[in-house]
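K.L.:
Give me a model of this one.
(one chain, ligands or ions: 2)
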Amino acid sequence: MRNINKDNITDVFMEYMGDEVPPRLHEVMESLVKHLHAFAKEVNLTHEEWQVGIEFLERSGEISDAERHEFVLLSDVLGLSSLVDMLHSHPEGTSSSVLGPFHISGAPPLEIGGDLKGRFEGEVLIAEGIVKDTEGNPIEGATVDIWQTAPNGLYSSQDPDQDTYSFHGLQTTGADGRYAFTSVKPVEYTVPSDGPVGDILNATGRHPWRPSHLHFIIKAEGFRDLVTEVFPDDDPYLDEDTVFGVRDDLVMSYKQMPAGSFPDGFALSGTVDEPYLRVDFDLTLVRE
Ligand code: BEZ
Ligand code: FE
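P.N.:
Ligands and ions are numbered 1, 2, ... in the order given. Below you'll find the model as predicted:
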């Protein structure tokens, strides 16, 4: 085609795609280019604005490495990651929520009731729950991969003062489906905002804060993997999570427990004479 114009360019793109393109790739590319062209027309995109966009993508590539995933962060703050999550969440299971960039594989095994707190000071928190199916039956042999920030708001991969796997642990449920651990309450923290994505947040009048949360990945044979988080119901950023991760069923009351009531069956480095917090959070998996 040589008489390309702004009215036919989208259709011409479709014609240029080969006959052998797999149907799903064809569908995705067709829709992507249709919406991309429609976007440029709708805002009457200028050369200067196009250039700003290209430079943004270049800077995102330059700042990215094995630990810094600026394009994932971009997807997160645009709400795309959460939208994809919600498109594939099953109504009968626990809602999924963003994975984020700070999960590391190979977390060490953590016994049921084990201690993630280690040498760190902070508000002691007990977390426990049952991994179950949609009929409420406990799931034996599920792995529960847990990770969170230290009380300084940093994940181990961001903080040279932490060991690689500090605040990371992997539990395997027994016949009762139960996971349980002791930790400290994670604090609210900001997503990395010193790069191009931070510039977008600034330019659009947004802050980089996320509410406090514990991360989980749960896997069990015959069930869909679940990537999720739990949030305390009194967090000031619950209604403005910058990566759109909060869902009603993931917001839990962190109960204040009285001094002297620390339960048996939970390990803890040091003793708890003060009041502590407790969150009960069951995790419902959907069959494959
Ligand atoms: C996180 O919760 O770890 C996270 C999620 C999205 C972007 C940055 C951090
Ligand atoms: Fe996080």
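K.L.:
Can you tell me which residues in the chain are near ligand 1?
P.N.:
Contact residues, the chain versus ligand 1 (CB under 6 Å from any ligand atom): 73, 76, 98, 100-102, 191, 210, 243. All C-beta spots, glycine's among them, are computed from the backbone N, C-alpha and C.
K.L.:
hmm, 8 Å instead?
P.N.:
Taking CB under 8 Å from any ligand atom as the contact definition, the chain meets ligand 1 at 72-73, 76-77, 81, 98-103, 149, 155, 191-192, 210, 213, 215, 229, 242-243, 245.
K.L.:
Show the buried residues in the residues you listed.
P.N.:
72-73, 76-77, 81, 98-102, 149, 155, 191, 210, 213, 215, 229, 242-243, 245 (16 or more other CB atoms under 10 Å).
K.L.:
Mark which of these are part of strands, please.
P.N.:
Among those, the members falling in strands are 210, 215, 229 (criterion: DSSP state E).
K.L.:
Which of those residues sits closest to ligand 1?
P.N.:
Nearest to ligand 1, judged by CB to the nearest ligand atom, of these is Arg210 at 5.6 Å.
K.L.:
Could you give the bridge partners of that closest one?
P.N.:
Beta bridges link Arg210 to Tyr189, judged by DSSP bridges.
K.L.:
Let me see the contact set for it.
P.N.:
Under the criterion of CB atoms under 8 Å, 6 or more residues apart in numbering, the neighbours of Arg210 are 188-191, 237, 241-243, 245.
K.L.:
For it, give its distance to Val72.
P.N.:
For Arg210, the distance to Val72 equals 14 Å [CB to CB, to the nearest Å].
K.L.:
Kindly report the same for Ala40.
P.N.:
For Ala40, the distance to Val72 equals 25 Å [CB to CB].
K.L.:
Between which two of the contacts of Arg210 is the distance greatest?
P.N.:
When CB to CB is used, the two most widely separated members of those are Thr190 and Gly245, lying 14.0 Å apart.
K.L.:
On the pLDDT front, check the closest residue to ligand 1 within the stretch 1-150 of the chain for me.
P.N.:
Closest to ligand 1 within the stretch 1-150 of the chain is Gly100: 2.7 Å, counting by CB to the nearest ligand atom. Note for Gly100: predicted pLDDT of 90.
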